[in-house]
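Asker: After the sequence you'll find the predicted model.
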Amino acid sequence: MSIDRLVMAFAGIVILASVALSHFHHPDWMWLTVFVGANLLQAAFTKFCPLAMILKKFGATPGTAFS
């Protein structure tokens, strides 16, 4: 699986977990969703993604978005 797909999968998991936590635990967990969304938006324009850099160091296959 490429870095691009891993980043999108991780973001999706964190967003779903954040929504579930905000529903069942406390509404402030929604801020985690805001953070992930903002990070995805800035990564789309700057091509800077900390998770992509970490995955690259672990040897994940590079994709086209964060190369």
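Answerer: That came in fine, so what should we check first?

Asker: in whichever strand or helix holds residue 32, what's buried?
Answerer: Element membership for residue 32, per DSSP states H and E: helix 30-46. Under the neighbour-count criterion of 16 or more other C-beta atoms under 10 Å, helix 30-46 has 32-33, 36, 39, 43 buried. (C-beta placed from N, C-alpha, C; glycine too.)

Asker: contacting residues for the residue positioned nearest the centre of the chain?
Answerer: Relative to the mean C-alpha position of the chain, the nearest C-alpha, by C-alpha atoms, centre = their mean, is the one of residue 11, at 3.2 Å. Residues near residue 11 by C-beta atoms under 8 Å, 6 or more residues apart in numbering: 36, 39-40.

Asker: Next: residue 40.
Answerer: residue 11.

Asker: so what's residue 22 closest to, chain neighbours aside?
Answerer: residue 29 (3.9 Å; C-beta to C-beta, 6 or more residues apart in numbering).
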